[in-house]
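[1] sequence plus the predicted model coming up.
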Amino acid sequence: MIVEKASFANFRRIKEGNFSFSPGFNLLVGKNGSGKTSILDSIYLASTGKSFITNHTVNCIQFNEEFFFVSVEFKERDLIDTVDYLFGNRESGHKSTERERGLQRIKRVKFKKELKLSGKKVKGFSEIIGKFPVLFLNYALVDLVTGSPEERREFINHTLIFLDRNYYKELIRYYSLLERRNSYLKENAPSKMLINTLSEQMIDVGERIIEKRTITLEKIEKTASEISADVLGEKGKIEIRYEPSKLANLTNASLVDEEIKKKRTLFGIHLDDINVLFNGNEAREFSSLGEAYSIGFAFKFAESQLIFKETGKSPVLLLDDFFTDLDEIRREKILSLVKNEQAIITSTSLNVIPTNIVDESKVIML
Amino acid sequence: MEIENKLNKLITEIAKLPGIGPKSAERIALYILSVSDNEASVLLSSISDARSKIHLCPVCFNITDSKICNICSSSNRDHSKICVVEEVRDLFAIERSGEYDGVYHVLQGRIDPMNHLTPENIRIKELLERLRDGEVKEVIIATNPNFNGDISAIYIGKLLRPFGVKITRIAMGLPKGTEIDFVDSVTLSMAMKDRKEF
């Protein structure tokens, strides 16, 4: 799959923009703050409904503006699909202050959203997520290895929404149940029967999620190990140790008492532990920055290969500030790994990019 | 100015009614001003009458102006079947269908912890009380087929099990008069799962 076109208005750094991309390498070159990352973010947003920079989509609106609009064309073989996304403050024509925006976030007021898939209105990103695989890679990749388990849960979720049609729905159901269970635990003297009802539903859907995570993490481990050894030349063994949080504890009477005391849910797939071992040691604690980087890349490329193998769609790779962060040898090895139909790479200057890459790339100067 | 302010107040109050926007509110307000004194006072008195005389039926929590609502007091209804609904308007909808001859129980809400609606805040205890004398043979759970409605249904189902009554959930599937390719996939998969002998 490739991104043919991306256009937007009032999106992050960019007032207005219209870019077309080619298959193969695309280089976005521009100074810091010129909006390179904004372009990548708009593509990521069209694929997943989330920005990779901020958790609050409202913050993607350009400063002092009321809305943003993003339109991205994805092309798979000869089929073109467009995602159009308009996101604005509810009251148009009214300039909202920073304080009002903050208030809206707190009150969870819904913003005005309009989302179209190939010209047809759709209710939400649940109808788009999983259709257009896009992977984003930047310096934060290190966190995938050295950060908290949450980073790796997000990684496995991102992988599975493309591999499994039902996974996203199951995840949403699980988190809706969790949200309710948590707010009910905050009530005075909650009834255990209702907690148990919610728990049983969570166990039911949670077990399916755990099974899918287990199978997919095994595949990732296998492919990532091969990539790390053969291509990146890391002489170490990568293992993924997946320890699902015990779902059965959700209905254990004495543990529920504990949860009532602490007023939140203490078990479940939202707390699953996923740890990476490098040569038998926890990578979180023992790996060097360079090693963590390589392992992170190996994971992402394993994800990419897995998606291609199981869905037949080659994910679009977004590489942010790729040429400043890595030593040359690793860079070349990583670029040789890119067999995807399309990669979009940002850089502050053309000089740091090997000429053979520049020659075969479409270059977009900002 | 004084007059205009009073009109504005009327419009604002009418606009608070469900389903009425500012334009309709203005039309209604001007209409109320244009009718004869007699007509206006009939409207006023019927509002205040309804407010003071209509109350909840102590048995099923339907609204009524007599001591017990006419469904609960009717001898033509089958009192061994109770249909559990969230709101009075759900009861009205089922009554319009004319299909159901049992009695009701209006929960006056649903379990919705996010909005502080817990089992204690809705009429679940009262439902259990009604089952104690053993006259009821079947409870039909007709809460809405959405997230909170489903959770409420599962919870009530669990509570009722010890009573040994037949517990059923209202069927979910295709709306009448539709075409299959227009139906969303969740509904369609429910309809497929719940298909029955024909």
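    Looks like it arrived, so ask away. Numbers count the residues shown, from 1 in each chain, chains lettered A, B, ... in the order given.

[2] please count neighbours and contacts with C-alpha atoms only from this point.
    Will do.

[3] and chain A, which of its residues are near chain B?
    A:179-181, A:183-184, A:187, A:191, A:193-194, A:197-198 (C-alpha under 8 Å from any C-alpha of the partner chain).

[4] try 6 Å this time
    Within chain A, the positions lying close to chain B (C-alpha under 6 Å from any C-alpha of the partner chain) are A:180, A:183-184, A:197.

[5] can you add neighbour count and give those back as JSON lines?
    Putting those into JSON lines (neighbours: other C-alpha atoms under 10 Å in any protein chain shown) gives the following:
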{"residue": "A:Arg180", "neighbour count": "19"}
{"residue": "A:Ser183", "neighbour count": "17"}
{"residue": "A:Tyr184", "neighbour count": "26"}
{"residue": "A:Thr197", "neighbour count": "18"}
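
[6] would you check which pair of those lies furthest apart?
    The largest distance within these, taken as C-alpha to C-alpha, falls between A:Ser183 and A:Thr197 and amounts to 14.4 Å.

[7] longest helix of chain B?
    The helix that spans the most residues within chain B, counting by DSSP state H, is helix B:37-53.

[8] chain center to that helix: distance?
    24 Å (C-alpha atoms, centre = their mean, to the nearest Å).

[9] how about the nearest residue to the residue in the stretch 101-250 of chain A that chain B sits nearest to, chain neighbours excluded?
    Of all residues in the stretch 101-250 of chain A, A:Tyr184 sits closest to chain B, at 5.1 Å by C-alpha to the nearest C-alpha. The shortest distance from A:Tyr184 to any non-neighbouring residue, by C-alpha to C-alpha, 6 or more residues apart in numbering or on different chains, is to B:Pro113 (5.1 Å).

[10] burial count for that neighbour?
    20 (other C-alpha atoms under 10 Å in any protein chain shown).

[11] can you pull the pLDDT of it?
    pLDDT, B:Pro113: 87.

[12] rewinding a little: and the contacts of the longest helix of chain B?
    B:Asp65 (C-alpha atoms under 6 Å, 6 or more residues apart in numbering or on different chains).

[13] following that helix, which helix or strand comes up?
    strand B:55-56 (DSSP states H and E).

[14] what about that following strand, average pLDDT?
    Computed over strand B:55-56, the average pLDDT equals 93.

[15] same deal with stretch A:54-70?
    87.

[16] would you put the C-alpha positions of that stretch in CSV?
    C-alpha atoms of stretch A:54-70 as CSV (Å, rounded to 0.1, in the frame of the first residue of the first chain):
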residue,chain,number,x,y,z
THR,A,54,-0.4,14.2,21.3
ASN,A,55,-3.1,12.3,23.0
HIS,A,56,-5.6,15.2,22.6
THR,A,57,-6.5,15.5,18.9
VAL,A,58,-7.7,19.1,19.7
ASN,A,59,-4.0,20.0,20.1
CYS,A,60,-3.5,19.2,16.4
ILE,A,61,-5.4,22.3,15.5
GLN,A,62,-3.1,25.1,14.5
PHE,A,63,-2.7,27.8,17.2
ASN,A,64,-5.5,30.4,17.1
GLU,A,65,-7.5,28.4,14.6
GLU,A,66,-10.9,26.7,15.0
PHE,A,67,-10.5,23.4,13.1
PHE,A,68,-8.2,21.3,11.1
PHE,A,69,-8.8,19.3,8.0
VAL,A,70,-6.8,16.3,6.8
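
[17] what lies in contact with it?
    A:7-12, A:84-89.

[18] please apply the same query to stretch A:191-198.
    A:251, B:155.

[19] in chain A, which helix is the longest?
    Under DSSP H, chain A gives helix A:192-226 as its longest helix.

[20] quick check: next helix or strand after it?
    That would be, after helix A:192-226 and using DSSP H and E, strand A:238-243.

[21] neighbours around A:Gly147, how many?
    A:Gly147, neighbours per other C-alpha under 10 Å, totals 16.

[22] nearest residue to it other than its sequence neighbours?
    That would be A:Arg284: by C-alpha to C-alpha, 6+ apart, it lies 6.8 Å from A:Gly147.

[23] hmm, A:Thr146 and that neighbour touching each other?
    Yes - counting by C-alpha atoms under 6 Å, A:Arg284 does reach A:Thr146; the two are 4.1 Å apart.

[24] of these two, which one has the most company?
    Taking neighbours as other C-alpha under 10 Å, A:Arg284 and A:Thr146 compare with A:Thr146 leading, 24 against 20.

[25] please name the residues that touch that one.
    A:Arg284.

[26] 7 Å - rerun?
    A:283-284, A:292 (C-alpha atoms under 7 Å, 6 or more residues apart in numbering or on different chains).

[27] now tabulate those residues in TSV and tack on secondary structure and pLDDT.
    Below are the contacts of A:Thr146 laid out as TSV (DSSP: H, G, I helix; E, B strand; the rest coil; pLDDT from 0 to 100):
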residue	secondary structure	pLDDT
A:Ala283	helix	87
A:Arg284	helix	85
A:Ala292	helix	86
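
[28] quick one: the helix or strand harbouring the residue of the stretch 101-250 of chain A closest to chain B to chain centroid distance?
    A:Tyr184 is part of helix A:167-185 when elements are defined by DSSP H and E. Mean-position distance between helix A:167-185 and its chain equals 19 Å (C-alpha atoms, centre = their mean).
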